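> coords below, sequence missing:
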């Protein structure tokens, strides 16, 4: 069987998550709770023979990957395409601040996210393209292998929109992405992607 299976993990709980801050590309570290989540996930995934891990260079995702793979001789490669949205002026601000200072764009994000352009940052469409291009490249590079990917909620939602719902409009679908949740995406020998399974949990778009 030539299927490539990608286990895509959201980082553990970070300082920004704890403070209800829209992190984006701001580099907030994990907190102790997030490190404990990553250790627990590492135990769950310890018998999966990953050939490689690709990780966002942001420390909350990179540290999550390192903890999950602690004690295992598996290379970790950083890839900027896995970094969270460049959310411009939203980065580092609370949801309440965004609601007060940029309500129209917040409304667009919540109702039609595929059309959203972060002020001073990138468009959701651009992030959708870069994150999914990375997934295609990993599958071609590692046919028949199992790959760990450590990234962020926004990127996981971009991937889920494509693989589960068929395109960027799928970002309108409610899809919880809790810290250290795992989504499994598989590319078969015919080049077709499948969304195989996910760890359920509670979460939101912010």
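That came through fine. If you're wondering where the values come from, they're calculated on a predicted model, not measured in any experiment.

> Show me what residue 193 is bridged to.
residue 187 (DSSP bridges).

> OK, contacts around it?
Neighbour list for residue 193: 139, 162-163, 185-187 [criterion: C-beta atoms under 8 Å, 6 or more residues apart in numbering]. Any C-beta I mention is one placed from the backbone N, CA and C, and that applies to glycine too.

> Please determine how far it is located from residue 113.
Using C-beta to C-beta, to the nearest Å, we find residue 193 at a distance of 20 Å from residue 113.

> who are the neighbours in contact with the residue lying closest to residue 22 once chain neighbours are set aside?
For residue 22, ignoring the flanking residues on the chain, the nearest one in space by C-beta to C-beta, 6 or more residues apart in numbering is residue 90 at 4.7 Å. If you count contacts by C-beta under 8 Å, 6+ apart, residue 90 has them with 22, 24, 98, 102, 118-119, 121.

> how about 10 Å then?
Neighbouring residues of residue 90 by C-beta atoms under 10 Å, 6 or more residues apart in numbering: 21-24, 26, 97-98, 101-102, 105-106, 109, 118-121, 206.

> Looking at those, which are in helices?
In this view, the contacts of residue 90 that belong to helices under DSSP state H are 97-98, 101, 105-106, 109.

> are any of those buried, and which?
Among these, those that count as buried by neighbour count (16 or more other C-beta atoms under 10 Å) are 98, 105-106, 109.

> Mind putting those into a markdown table with pLDDT?
Putting those into a markdown table (pLDDT from 0 to 100) gives the following:
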| residue | pLDDT |
| --- | --- |
| 98 | 96 |
| 105 | 95 |
| 106 | 96 |
| 109 | 96 |
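
> For those residues, work out which two are farthest apart.
Between any two of those, the greatest separation by C-beta to C-beta is 8.9 Å, found for 98 and 109.

> right, and residue 172 touches residue 124 too?
No: in this structure, residue 172 is not within contact of residue 124 by C-beta atoms under 10 Å, at 11.2 Å.

> so what sits against both of the two?
Here residue 172 and residue 124 have 112-114, 161 as joint contacts, going by C-beta under 10 Å, 6+ apart.

> need the longest helix for this protein.
helix 124-141.

> what residue lies at the spatial centre of the protein?
Closest to where the C-alpha atoms of the chain average out (C-alpha atoms, centre = their mean) is residue 152, at 3.0 Å.

> Tell me where the chain has strands.
Under the criterion DSSP state E, the chain carries strands at the ranges 4-10, 21-22, 50-55, 76-78, 93-94, 146-151, 182-187, 193-198.

> What are the buried residues along the fourth one?
The neighbour-count criterion (16+ other C-beta under 10 Å) identifies residue 78 as the buried residues of strand 76-78.

> Name every strand pairing with it and say which way it goes.
With DSSP bridges as the test, strand 76-78 pairs up with strand 50-55 (parallel).
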